[in-house]
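Asks: just the structure for this:
(2 chains)
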Amino acid sequence: MTGLTRGSVRPNQWLRNLNAKIASIPMILTALVIFVGGTAWTVVYSFTNSKLLPRLKFVGLDQYERLWEAPRWIISIQNLAVFGFFSLIFSLVIGFVLAALMDQKIRFENTFRTIMLYPFALSFIVTGLVWQWLLNPQYGIQSIVRSLGWESFSFDPLYDSDIVIYGILIAALWQGTGLVMCLMLAGLRGIDEDIWKAARVDGIPMWKTYVLIIIPMMRGVIITTLVIIASGIVKVYDLVVAQTSGGPGIASEVPAKYVYDYMFLAQNLGQGFAASTMMLLTVAIIIVPWAYLEFGGGRKRG
Amino acid sequence: MKLRSLVGALAATVALPLGVAGATDLEVTHWWTSGGEAAAVAELAKAFDATGNKWVDGAIAGSGGTARPIMISRITGGDPMGATQFNHGRQAEELVEAGLMRDLSEVAEREKWREIVKPSSLLDSCTIEGKIYCAPVNIHSWQWLWLSNAAFKQAGVEVPKNWDEFVAAAPALEKAGIIPLALGGQPWQASGAFDVLMVAIAGKDVFEQVFAKKDAEVAAGPEIAKVFKAADDARRLSKGSNVQDWNQATNLVITGKAGGQIMGDWAQGEFQVAGQKAGEDYTCLPGLGVNEVISTGGDAFYFPLIEDEEKSKAQEVLASTLLKPETQVAFNLKKGSLPVRGDVDLAAANDCMKKGLDILAKGNVIQGTDQLLSPDSQKQKEDLFSEFFANPSMTPEDAQKRFAEIIADAD
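Replies: This next block holds a predicted model:
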């Protein structure tokens, strides 16, 4: 593109990096038509009484009123809140601790890293089934402990309405922490060795170095990890289907499953769209302020 | 040399489909995958193949709830199969209204379906605006209590003759380490069991007022309150089933680990596959032994509109094959369901099927909930009852209030 910059005329902003811009047109169109267009279409049709096939017959907020009156939706939201809160905290904490341990120049680091990361290579369906068996009182952990002689031992979270969501949480953590660990480990490796040396010279204890120096320096990695975990939480579906199918009763239902069930099983697109619009809204409430702080509002960060 | 034989083999695979070009392949999707069901569907395939066409089996595992979305999205998405199973009634209503399904009136007239299909409500469920859109293949009734004779023997009590005796016998079963009532975790099972209790305890009239007329006052009234009391009993008795699929629950009864199961007559296919005999190894109580009424829901085949002329012709052949007397007998004996025509000979029918045929002949029939309620209301009902049966802290009164709301909103 040197031809454009010849002479003293300032190059047109729009024509800079023309090749790159042309190359990204398909992706821009995909994003606009499929993501934005599809989202808008869904939101519009959530105000209609579409049943099996989409119909433009508006009924105002009826679908939303019904949604928020449905006990199953309320339970789904509560489950998502509990699942989200604990899975965010535990996967970050466990992932970071594992990474910090792994960073102590231990022997067989590669082996450990591979073992930790293996669960992530499985699909949620497989993870769900494996944990369904492990948590089954007749074959799993409970029966093994009992066969060791501890007769009164009882551990069957998947069959207890009150704690079933924690049974799902265990499986999610087993699968997800390996990835968090790897991301964190990459972050730790990116910290300059000299910082550690300086901290040691100043006699700062190791835990203090981590909390006060290293973690603030890993801000970028932590934010990326947060986004990855959070998106995984909102869309959790297959794990629940494989482990409990929402049971016992409706005790482990999640919003994504509500959307699917009402769109396809109940043949009520309007209701499903209303539910998915609420999910979008939830994500937007979390993401928009964060994105504004991170990318907008002046460029304070280097 | 090696290459040439490879080419030869390839050529042979190309020639193979050409050789049978006279026969038309028709893909048929259905959700009949348990042992008894698969044996029954093989009979249909055999009958269709005998007409010189080819049945391409498109079984979708995981019961209707999993299969229907796949079928519907294939039809609406422009990749229709040759024919597909639905429970006739309202599941395919909108597909028909959108003009995606084929009108079978011509075939029906030629083959005189109006005269041979009994009860006529079956064909009515296939009829939308005067045109017939599906071929009913069987009558399935929900209203059965299946009992394991061995389980009651082990517990040292008589095999009950009705629901009340069953509830009374439950403590003895429990003492012997047997789960009184097997109930799978799939939501439709809980919802169906409740409907059965309703017909048995409150009777046919109340059932019709609630589900056909959608009378919310009756649904909130004292008759239904009694039904919820019975459902509360059933919930207590089913504790500890810990299985998901209906056939796993049936298996608990077959193996004598559970005393009984409220399930439709498709359960009978499982008893047959296990080699058990009606009356000796297991007992069946239609209408829970209280109110001998059966519902006449069932399965039907729908035919999506297809441009291809050959395939359209094959669709007609399949539709008429399904209602042939021989097909009806062969299929229904394996399936454990009742034939849709009154003029076929079911001499080979077992004890339980004969009971069903008797009730059918007496005309003690009601329409099934699939025929009366939209899938949307059905789903809401399933949500309610799967919660009710899994959550002992939910009182029958609360559940009834929510039930009445669903009926009030039903369309």
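Asks: and the end-to-end length of stretch B:316-330?
Replies: Stretch B:316-330 has an end-to-end distance of 20 Å (C-alpha to C-alpha, to the nearest Å).
Asks: isn't residue B:390 up against residue A:161?
Replies: Yes. At 6.2 Å, residue B:390 counts as touching residue A:161 under the criterion of C-beta atoms under 8 Å. (Glycine included, C-beta is placed from N, CA and C.)
Asks: where do the contact lists of those two overlap?
Replies: A:248-249, A:251 (C-beta atoms under 8 Å, 6 or more residues apart in numbering or on different chains).
Asks: within reach of chain B, which of the residues you listed are there?
Replies: Filtering the shared contacts of residue B:390 and residue A:161 for proximity to chain B (criterion: C-beta under 8 Å from any C-beta of the partner chain) leaves A:248-249, A:251.
Asks: as a markdown table, the shared contacts of residue B:390 and residue A:161 with pLDDT would be great.
Replies: Below are the shared contacts of residue B:390 and residue A:161 laid out as a markdown table (pLDDT from 0 to 100):
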| residue | pLDDT |
| --- | --- |
| A:248 | 86 |
| A:249 | 85 |
| A:251 | 90 |
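Asks: could you list every residue that touches residue 68?
Replies: Here I'm looking at chain A. By C-beta under 8 Å, 6+ apart, the neighbours of residue A:68 are residue A:74.
Asks: other chain: chain B
Replies: Shown in contact with residue B:68 (C-beta under 8 Å, 6+ apart): A:264-265, B:31, B:86, B:91.
Asks: repeat that with 7 Å
Replies: By C-beta atoms under 7 Å, 6 or more residues apart in numbering or on different chains, residue B:68 lies in contact with residue B:91.
Asks: check what pLDDT it gets.
Replies: On pLDDT, residue B:68 comes in at 89.
Asks: what's the spacing between residue A:132 and residue A:208?
Replies: As judged by C-beta to C-beta, to the nearest Å, residue A:132 and residue A:208 stand 43 Å apart.
Asks: more neighbours, these two?
Replies: Neighbours of residue A:132 and residue A:208, each counted by other C-beta atoms under 10 Å in any protein chain shown, are more numerous for residue A:132; the result is 19 against 11.
Asks: look at residue B:40 and report its pLDDT.
Replies: On the pLDDT scale, residue B:40 is placed at 90.
Asks: contact partners for it?
Replies: Contact analysis of residue B:40 by C-beta under 7 Å, 6+ apart lists B:32, B:269, B:331, B:334-335.
Asks: can you rerun that using 6 Å?
Replies: Shown in contact with residue B:40 (C-beta atoms under 6 Å, 6 or more residues apart in numbering or on different chains): B:331, B:334-335.
Asks: near whatever residue of chain B ends up closest to chain A, how many other residues are there?
Replies: Going by C-beta to the nearest C-beta, chain A is nearest to residue B:390 of chain B, at 2.8 Å. Counted with other C-beta under 10 Å, residues neighbouring residue B:390 total 24.
Asks: any regions of chain B where pLDDT drops low?
Replies: Applying pLDDT under 70 to chain B flags the ranges B:1-22.
Asks: residues of it that sit close to chain A?
Replies: Within chain B, the positions lying close to chain A (C-beta under 6 Å from any C-beta of the partner chain) are B:65, B:69, B:94, B:98, B:185, B:375-376, B:379, B:383, B:386-387, B:390-391.
Asks: ok, and the most crowded of those?
Replies: Most neighbours among the residues of chain B next to chain A, by other C-beta under 10 Å: residue B:383, with 28 neighbours.
Asks: distance of that residue from residue B:369?
Replies: Per C-beta to C-beta, residue B:383 is found 15 Å from residue B:369.
Asks: swap in residue B:255?
Replies: Distance, residue B:255 to residue B:369, using C-beta to C-beta: 30 Å.
Asks: mind listing the strands in the stretch 151-300 of chain B by residue range?
Replies: Secondary structure of the stretch 151-300 of chain B (DSSP state E, counting those that start in this stretch): strands located at B:179-182, B:258-262, B:282-286, B:294-295, B:299-302.
Asks: as JSON lines, these with mean neighbour count would be great.
Replies: Output for those, formatted as JSON lines (neighbours: other C-beta atoms under 10 Å in any protein chain shown):
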{"stretch": "strand B:179-182", "mean neighbour count": "27"}
{"stretch": "strand B:258-262", "mean neighbour count": "30"}
{"stretch": "strand B:282-286", "mean neighbour count": "23"}
{"stretch": "strand B:294-295", "mean neighbour count": "26"}
{"stretch": "strand B:299-302", "mean neighbour count": "25"}
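Asks: tell me which of those strands lies nearest to residue B:58.
Replies: Residue B:58 lies closest to strand B:299-302 among the strands of the stretch 151-300 of chain B, at 12.2 Å (C-beta to C-beta).
Asks: centre of the chain to that closest one, how far?
Replies: Remark: strand B:299-302 is offset 11 Å from the chain centroid, using C-alpha atoms, centre = their mean, to the nearest Å.
Asks: next helix or strand past it?
Replies: Using DSSP states H and E, the helix or strand that follows strand B:299-302 towards the C-terminus is helix B:309-322.
Asks: which helices and strands sit right next to that next one?
Replies: Applying 3 or more C-beta pairs under 6 Å, 6 or more residues apart in numbering or on different chains; DSSP states H and E, one finds that helix B:309-322 contacts helix B:35-49, helix B:105-110.
Asks: what does it rub up against?
Replies: With C-beta under 6 Å, 6+ apart, helix B:309-322 has contacts from B:24, B:26, B:47-48, B:51, B:53, B:82-83, B:104, B:107, B:111, B:135, B:137, B:303, B:306, B:327.
Asks: what packs against whatever helix or strand residue B:57 lives in?
Replies: Assigned by DSSP H and E, residue B:57 falls within strand B:54-59. Judged by 3+ C-beta pairs under 6 Å, 6+ apart, strand B:54-59 is in contact with strand B:25-30, helix B:35-49.
Asks: just after it, pick out the following helix or strand.
Replies: Of the helices and strands lying after strand B:54-59 in sequence (DSSP H and E), the nearest is helix B:63-76.
Asks: contacting residues for the closest residue to residue A:174 other than its chain neighbours?
Replies: Nearest non-adjacent residue to residue A:174, counting by C-beta to C-beta, 6 or more residues apart in numbering or on different chains: residue A:119, 5.5 Å away. Residues near residue A:119 by C-beta under 6 Å, 6+ apart: A:174-175, A:178.
Asks: just residue B:367 next, same as before
Replies: Residue B:367 sits next to residue B:121 when contact means C-beta under 6 Å, 6+ apart.
Asks: again, only using 10 Å
Replies: Neighbouring residues of residue B:367 by C-beta atoms under 10 Å, 6 or more residues apart in numbering or on different chains: B:89, B:119, B:121-122, B:124-125, B:207-208, B:211-212, B:295-297.
Asks: point me to the residue of the stretch 201-302 of chain A nearest chain B.
Replies: residue A:249 (2.8 Å).
Asks: kind regards, and thank you for your time.
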